[in-house]
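**Student:** have a look at this fold, sequence not included:
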DNA sequence: TCCTTATATGAATAATTGTTCATATATTTT
DNA sequence: AAAATATATGAACAATTATTCATATAAGGA
């Protein structure tokens, strides 16, 4: 015991549960992933990309944000492998990278709509 | 057009996509929900609660955090309706509130494990 | 009744982060 | 070649937030 020296359940069970805890890397990575979903601007971007592949300036227009803010947030979405892009001349088209985005979005929606 | 007056796609399509955007309340709520998942301490708490119903001090022991930190985070999880609790004397047992937690957790795991 | 235990909570602090503004880069148009 | 356009990015600032510490509350045991 390091932080607290009290337990309600027996020490054996505590040890067993400690063993089931995912390692720190996993915890940090999954928290980082959800953090990316945890911002209104990024959720708006993901929402429109659920509908269509779009360039930066159109995304900015549709969600009523500045080009700079959208570009910054797209970088974060890109790093999390939630969106991918395709360059056509000076225009960069962004789209969802995989099905997980849709699935996570839907599960989140289900939870808040259940009430 | 309010923020930018440039578009790549035609204005009609921009308007159509603006119409598909969820309203602000929804966006704020879903972002708030994922924000709750977006913290290591809370993810650790959810991880152990996926295994078992547990009291505050045992959670603190298992994830190696202070009682105070765990209690603060449990309040946030409670507000998001991700965990529920049951009082037995002075001991408070927390458990997952619904299936959505498991499902969201699994989808997040799938994404980071896909690489 | 007094002491201990389990949990909750307010305030302060430190760290993280989203936006803005200015500007850089790259591509197209004139 | 110069101007305009689409996007990216660094720095600064403001806002949010997680933890710690002290303490409050409430229940149980001596």
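**Tutor:** Looks like it came in fine. Only a predicted model underlies this, so the values are computations on that prediction, with no experimental measurement involved. Numbering: from 1, shown residues only, chains lettered A, B, ... in the order given.

**Student:** what sits against the closest residue to residue A:30 other than its chain neighbours?
**Tutor:** Leaving aside its sequence neighbours, residue A:30 sits nearest to residue B:108 (C-beta to C-beta, 6 or more residues apart in numbering or on different chains; 4.9 Å). Glycine gets a C-beta too; all of them are placed from N, C-alpha and C. By C-beta atoms under 8 Å, 6 or more residues apart in numbering or on different chains, the contact set of residue B:108 is A:30, A:33-34, A:104, B:37.

**Student:** with distance to DNA strand D and pLDDT added, can I get those in a markdown table?
**Tutor:** Output for the contacts of residue B:108, formatted as a markdown table (distance: C-beta to the nearest atom of the strand, whole Å; pLDDT from 0 to 100):
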| residue | distance to DNA strand D | pLDDT |
| --- | --- | --- |
| A:30 | 14 | 98 |
| A:33 | 15 | 98 |
| A:34 | 11 | 98 |
| A:104 | 18 | 98 |
| B:37 | 10 | 98 |
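
**Student:** which two in those are spaced the farthest apart?
**Tutor:** A:30 and A:104 (11.1 Å; C-beta to C-beta).

**Student:** circling back: so which of the contacts of residue B:108 are in helices?
**Tutor:** Using DSSP state H, the members of these that fall within helices are A:30, A:33-34, A:104, B:37.

**Student:** the residue nearest to residue A:24 when sequence neighbours are not counted: neighbouring residues, count only.
**Tutor:** In space, and not counting its chain neighbours, residue A:24 is closest to residue B:40: 8.0 Å by C-beta to C-beta, 6+ apart. Residue B:40 has 18 neighbours, counted by other C-beta atoms under 10 Å in any protein chain shown.

**Student:** measure residue B:40 to DNA strand C for me?
**Tutor:** Here residue B:40 is placed at a distance of 11 Å from DNA strand C (C-beta to the nearest atom of the strand, to the nearest Å).

**Student:** do you know the pLDDT at that residue?
**Tutor:** Among the per-residue scores, residue B:40 shows a pLDDT of 98.

**Student:** swap in residue A:109?
**Tutor:** pLDDT recorded at residue A:109 is 96.
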